[in-house]
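A.B. asks: Please work out how this folds:
(chains A and B)
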Amino acid sequence: AQSVTQPDIHITVSEGASLELRCNYSYGATPYLFWYVQSPGQGLQLLLKYFSGDTLVQGIKGFEAEFKRSQSSFNLRKPSVHWSDAAEYFCAVGPGNTPLVFGKGTRLSVIA
Amino acid sequence: DVKVTQSSRYLVKRTGEKVFLECVQDMDHENMFWYRQDPGLGLRLIYFSYDVKMKEKGDIPEGYSVSREKKERFSLILESASTNQTSMYLCASSSPTGSFGSYGYTFGSGTRLTVV
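C.D. replies: Prediction:
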């Protein structure tokens, strides 16, 4: 069965600094991979997704993620964090024919 | 703008009550899902549906049931609410049928349920 690990429960970064959120997955074939963001008290919004092809994918709000098959990773990055990026971030994996499996999330705090 | 609408943002119910959480989507999606979200546990799948009147158990179905009488509406039912069902409940939808994880989900804003 597929699984997702987000090793960092909470990360604090300074505004303007770069960001990398880690995601490792377990799945036998090439998975469908997603990053979602959840602002406080809200539902989840899709940031970006990977199905196949170019391993570096661009998303909304200036985020990008890189699929590395050899490391079973799909890390989320942003070159310069804004205070409005403070939220919880979820990585998810799916083979397509079963529901997505979500990681436990990483909470991002942004300080001035 | 496409939407998944959950009828209540906040609910407070008493132990033993029968509770209905409603979810409506306007995207003509075949697949609908109910997750619960708890701190430190992430999102856990309760039930999902890939067609009208069809339902499948997720990872934590105990204490819950669902109803899907129309394509756009997916209801989560707590038959006899208990305090350990206090949680944030998230509804989501996707398309096409059977491709549950292929194209990502659209989520509602969530219902925060407190059982006292």
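A.B. asks: Chain A against chain B: which residues are in contact?
C.D. replies: With C-beta under 8 Å from any C-beta of the partner chain as the criterion, chain A meets chain B at residues A:9, A:32, A:34, A:36, A:41-46, A:49, A:51, A:90, A:92-100, A:102-105. Heads up, the C-betas are built off the backbone N, CA and C, glycines and all.
A.B. asks: where do the strands sit along the chain?
C.D. replies: In the absence of a named chain, this looks at chain A. Secondary structure of chain A (DSSP state E): strands at A:3-5, A:10-14, A:19-21, A:24-26, A:32-38, A:44-50, A:56-58, A:64-68, A:73-78, A:87-94, A:101-102, A:106-111.
A.B. asks: Chain B is the one I meant
C.D. replies: Under DSSP E, chain B gives strands at B:4-6, B:10-13, B:19-21, B:23-25, B:31-38, B:42-49, B:56-57, B:64-70, B:73-78, B:87-94, B:106-107, B:111-115.
A.B. asks: what are the pairing partners of the first one, and which direction each?
C.D. replies: Spelled out, that is strand B:4-6. strand B:23-25 (antiparallel) (DSSP bridges).
A.B. asks: In the strand it pairs with, which residues are buried?
C.D. replies: Buried residues in strand B:23-25, counted by 16 or more other C-beta atoms under 10 Å in any protein chain shown: B:23, B:24, B:25.
A.B. asks: go on, stretch A:67-78?
C.D. replies: Quick answer for stretch A:67-78 (16+ other C-beta under 10 Å): A:67, A:73, A:74, A:75, A:76, A:78.
A.B. asks: Beta-bridge partners for the second one, please?
C.D. replies: In this case it means residue A:73. Under the criterion used here (DSSP bridges), residue A:73 is bridged to residue A:24, residue A:68.
A.B. asks: how much space between the single nearest residue of chain A relative to chain B and residue B:31?
C.D. replies: Proximity of chain A to chain B (C-beta to the nearest C-beta) peaks at residue A:94, 2.2 Å away. Separation of residue A:94 from residue B:31 (C-beta to C-beta, to the nearest Å): 12 Å.
A.B. asks: ditto for residue B:116
C.D. replies: With C-beta to C-beta as the criterion, residue B:116 and residue B:31 are 33 Å apart.
A.B. asks: out of the two, which sits in the more crowded spot?
C.D. replies: Shown here are residue B:116 and residue B:31; by other C-beta atoms under 10 Å in any protein chain shown, residue B:31 has more neighbours (25 against 10).
A.B. asks: so that one touches residue B:104, yeah?
C.D. replies: No - using C-beta atoms under 8 Å, residue B:31 is not in contact with residue B:104; the gap is 11.2 Å.
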